[in-house]
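1. here is the input, now give the coordinates:
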Amino acid sequence: VLAAVKTGIGLSPSDPALHLAELIDFLHERTALLVVDNCEHLLDPIAELVDELLRRAPRLRVLATSREALDVDGEVAIRVPSLDAGVDAVRLFVDRAMASSDWFDPEVETAAVRELCSRLDGIPLAIELAATATSTLSPSELLAALDDRFALLHGGRRRGSLGRQRTLEATIDWSHDLLEDEERTAFRRLGIFAGPFIFDLVPTVLGQPPHQARRVLERLVAKSLVVAFRIDHERTGFRLLETLRVYAAGKLADAGERAQTEQAATEAILQWIQDSWTEATRGDWTFWRCWRALIPDVQRVAGLLLDAERIDELVFLLGTSVNGSGNAAWDEERLRLLESLDRDHLHDLAPAVQADLVGSLTLAQMNAAVNPDWIERSTSAWAEYRPLPITDKLLLFASQMTLLSLFDPEEGIRQIDEALRDLGTSGSEEVWRRYALYLQSMCVASLGDFARATELAEQSFIDQDSELRDFALTTWLWYGHLAGSDIRAEPIALARSAD
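-> Prediction:
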């Protein structure tokens, strides 16, 4: 490294023992910028040299490019993001494609090019290789073949480029080969995730205790193989760029670990939802933001549970989206799965699981549209499962009370009073008790008693960042307005402070 730096700044060769002394003597009084490119394969010796030079040459500045920070005193790391898929990446693709193909028409191919750049994560080399391939394939054809991207993007100009930059796979191989064994294992296992993931799932997937899993995840983030992002102000999410995920998944299959890692990821997701059930039932916004980030893997897990005929766990998983997920494609798939389970498996299940299935199905159907047949089904199921304790039929309770608040509020008030006597005041039961009060406020409001509805909405309020809080706060303010009463400062302040 010393000899390369010395030669690069124009100093003549000399005895290697004198390299450092001569370099420091040359730089000591100079104002200079030293540029060191592609440091990752010689990180330790470069970091040691840069640290020494900066201490001995106070007017020196160093610009280093690397997939990993040098970690020396005074370093400021600036992460270079991928190209913006909608602008810069498209511009690069068009420029390279027009140089490679006589018939490429950017005006005609705009939509395909934009999606192609997005699927390639805005990675400049991948985009250049794809653009070069337009000499034989249109952007639409490239897009259709992208599942086998490493075989597809193998070309490029051979002259003037390093071997590791001639194919997309060779470039990633270069980074992968620099990893330690533990990092390689973690990287390929994280390739099991179909989309973003949270740290709660990582220890189980890696088969490591949390403190060890966190350390190796941090190293992969530092080496630019995993991207960290903020889900909200409380939680951090992680993801692999799609190109890296496809590469990691290939390594996972090559290692013969796919089945066991897929099983570990499935169990991790189910356990996280089980552990977070209280947060889920009150619609805790941080939980739901995490959950929504995980939807690609929730879909995958649902399919695996169905194939394995683990129907009880599938009913539980599908029951977590009480008010819809915010993802239309998943909500449609979830409704289809619930209808299939109701048709083919209902009577194979224990009564409490049957009640959960019918409750989840009715709520999903209500989110899609109101239909008299579904109303009748919920009502008959409520009567059928009446002997069950309220805690064994909470999803069915939610669906039935929601329907009664709309179509038979007097009966809704009576049944909610009955349920409130049976619900406890801790954990998820307390959340459901507040939800029952919220539904009862809707029933009372339907009968025109807005003063009482305001009181019930206030009682249902839960002071945590959640969907239930927002529902209760909205009705509290609205019913108070309709009652013609003075709205207290407290709910107004809460509304102003809410996200």
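2. low-confidence ranges, the stretch 101-250 of the chain, go.
-> Within the stretch 101-250 of the chain, the set of residues satisfying pLDDT under 70 comprises 155-166.
3. would you map the strands across it?
-> Taking DSSP state E, counting those that start in this stretch as the test, the strands found in the stretch 101-250 of the chain are 197-198, 227-230, 236-239.
4. residue 247 and residue 150 touch, don't they?
-> Yes. Counting by C-beta atoms under 8 Å, a contact exists between residue 247 and residue 150, whose distance comes to 7.2 Å. To be clear about C-beta, it is placed using only N, CA and C from the backbone, and glycine gets the same treatment.
5. can you point out the helix or strand that includes residue 89?
-> Residue 89 is part of helix 88-100 when elements are defined by DSSP states H and E.
6. tell me the helices and strands packed up against that helix.
-> Identification of packing neighbours for helix 88-100 by 3 or more C-beta pairs under 8 Å, 6 or more residues apart in numbering; DSSP states H and E yields helix 110-119, helix 124-132.
7. helix 110-119 and that helix, what's the angle between them?
-> 120 degrees (axes from the mean of the first three to the mean of the last three C-alpha atoms, to 10 degrees).
8. so which of the strands of the stretch 101-250 of the chain gets nearest residue 63?
-> Of all the strands of the stretch 101-250 of the chain, it is strand 227-230 that lies closest to residue 63, at 23.2 Å by C-beta to C-beta.
9. show me how far the closest one is from its chain's centre.
-> Averaging C-alpha coordinates over strand 227-230 and over its chain gives two centres that are 9 Å apart (C-alpha atoms, centre = their mean, to the nearest Å).
10. buried residues, it. List them.
-> residue 227 (16 or more other C-beta atoms under 10 Å).
11. other residues contacting it?
-> Residues from elsewhere that reach strand 227-230, judged by C-beta atoms under 8 Å, 6 or more residues apart in numbering: 196, 221, 236, 237, 238, 239, 240, 241.
12. re earlier: quick one, which of the strands of the stretch 101-250 of the chain is nearest to residue 26?
-> Short answer: strand 227-230, nearest of the strands of the stretch 101-250 of the chain by C-beta to C-beta, at 39.9 Å.
13. adjacent strands (with direction) for that closest one?
-> Partners of strand 227-230 in the sheet, by DSSP bridges, are strand 236-239 (antiparallel).
14. where does the prediction get shaky in the stretch 251-400 of the chain?
-> Within the stretch 251-400 of the chain, the set of residues satisfying pLDDT under 70 comprises 282-283, 322-324, 370-372.
15. report the rounded mean pLDDT for the helix holding residue 89.
-> When the per-residue pLDDT values of helix 88-100 are averaged, the result is 90.
16. residue 284 and residue 232: what is the separation?
-> Distance of residue 284 to residue 232, computed by C-beta to C-beta, to the nearest Å: 11 Å.
17. who's more crowded, these two?
-> Under the neighbour definition other C-beta atoms under 10 Å, residue 284 and residue 232 were set side by side, and residue 284 has more, 23 against 14.
18. what about the closest residue to that one other than its chain neighbours, how many neighbours?
-> Here the nearest residue to residue 284 in space, its sequence neighbours aside, is residue 466; by C-beta to C-beta, 6 or more residues apart in numbering that works out to 4.6 Å. Counted by other C-beta under 10 Å, the residues lying close to residue 466 total 22.
19. repeat for the one 4 residues further on
-> Under the neighbour criterion other C-beta under 10 Å, residue 470 is assigned a count of 16.
20. please, which helix or strand holds it?
-> Per DSSP H and E, residue 470 falls inside helix 467-483.
21. what residues are up against residue 331?
-> By C-beta under 8 Å, 6+ apart, the residues touching residue 331 are 321, 324, 325, 364, 367, 368.
22. any idea how far the third one is from residue 215?
-> Yep, that's residue 325 we're talking about. Applying C-beta to C-beta, one obtains 33 Å for the distance of residue 325 from residue 215.
23. possible to save the helices and strands packed on helix 88-100 as TSV with distance to residue 37 and mean neighbour count?
-> What follows is those, written out as TSV (distance: least, C-beta to C-beta, whole Å; neighbours: other C-beta atoms under 10 Å):
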stretch	distance to residue 37	mean neighbour count
helix 110-119	25	18
helix 124-132	15	24
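24. more neighbours: which of residue 325 and residue 215?
-> Between residue 325 and residue 215, counted using other C-beta under 10 Å, residue 325 has the larger neighbour count: 19 against 12.
25. go ahead and confirm that one touches residue 294.
-> No. In this structure, residue 325 is not within contact of residue 294 by C-beta under 8 Å, at 10.2 Å.
26. for residue 74, pull up the helix or strand it's in.
-> Of the helices and strands defined by DSSP H and E, none includes residue 74.
27. now it: how far from residue 23?
-> Noted for residue 74: a distance of 19 Å to residue 23, by C-beta to C-beta.
28. ditto for residue 474
-> Taking C-beta to C-beta as the criterion, residue 474 is separated from residue 23 by 68 Å.
29. who has more neighbours out of those two?
-> A count of neighbours by other C-beta under 10 Å puts residue 23 above the other of residue 474 and residue 23, at 22 against 15.
30. where's the more buried one, which helix or strand?
-> Residue 23 is part of helix 19-27 when elements are defined by DSSP H and E.
31. tell me the buried residues in that helix?
-> Taking 16+ other C-beta under 10 Å as the neighbour-count basis, helix 19-27 is seen to contain the buried residues 19, 20, 23, 27.
32. so which of those sits lowest on pLDDT?
-> Minimum pLDDT across those is recorded for residue 19, with 72.
33. what about the closest residue to that one other than its chain neighbours, how many residues close to it?
-> Closest residue to residue 19 apart from its sequence neighbours, by C-beta to C-beta, 6+ apart: residue 2 at 4.0 Å. Around residue 2 sit 15 other residues, with neighbours defined as other C-beta under 10 Å.
34. all helices of the stretch 151-300 of the chain, in order?
-> Under the criterion DSSP state H, counting those that start in this stretch, the stretch 151-300 of the chain contains helices at 168-177, 181-190, 202-206, 210-222, 242-254, 258-275, 277-281, 285-293, 295-307.
35. of the ones you listed, give the one that comes closest to residue 406.
-> Of all the helices of the stretch 151-300 of the chain, it is helix 277-281 that lies closest to residue 406, at 21.2 Å by C-beta to C-beta.
36. tell me what that closest one is packed against?
-> helix 285-293, helix 427-446.
37. was I right about residue 83 contacting residue 124?
-> Yes. Counting by C-beta under 8 Å, a contact exists between residue 83 and residue 124, whose distance comes to 6.2 Å.
38. any common contacting residues for the two?
-> Between them, residue 83 and residue 124 have 89, 92 as joint contacts when contacts are counted by C-beta under 8 Å, 6+ apart.
39. returning to that earlier point: neighbouring contacts of the helix holding residue 23?
-> Defining contact as C-beta under 8 Å, 6+ apart, one finds that helix 19-27 is touched by 2-3, 5-6, 9, 11, 14, 34, 49, 52-53, 56-57, 60.
40. elements contacting the next helix or strand after it?
-> Scanning forward in sequence from helix 19-27 by DSSP H and E, the next helix or strand is strand 32-36. Where contact means 3+ C-beta pairs under 8 Å, 6+ apart, strand 32-36 is packed against helix 43-56, strand 60-64.
41. ok, now with 7 Å
-> Under the contact criterion of 3 or more C-beta pairs under 7 Å, 6 or more residues apart in numbering; DSSP states H and E, the helices and strands touching strand 32-36 comprise strand 60-64.
42. buried sites along the helix or strand in which residue 453 is found?
-> Remark: residue 453 resides in helix 450-460, with elements defined by DSSP H and E. Judged by neighbour count (16+ other C-beta under 10 Å), helix 450-460 contains these buried residues: 450, 452, 453, 454, 455, 456, 457, 458, 460.
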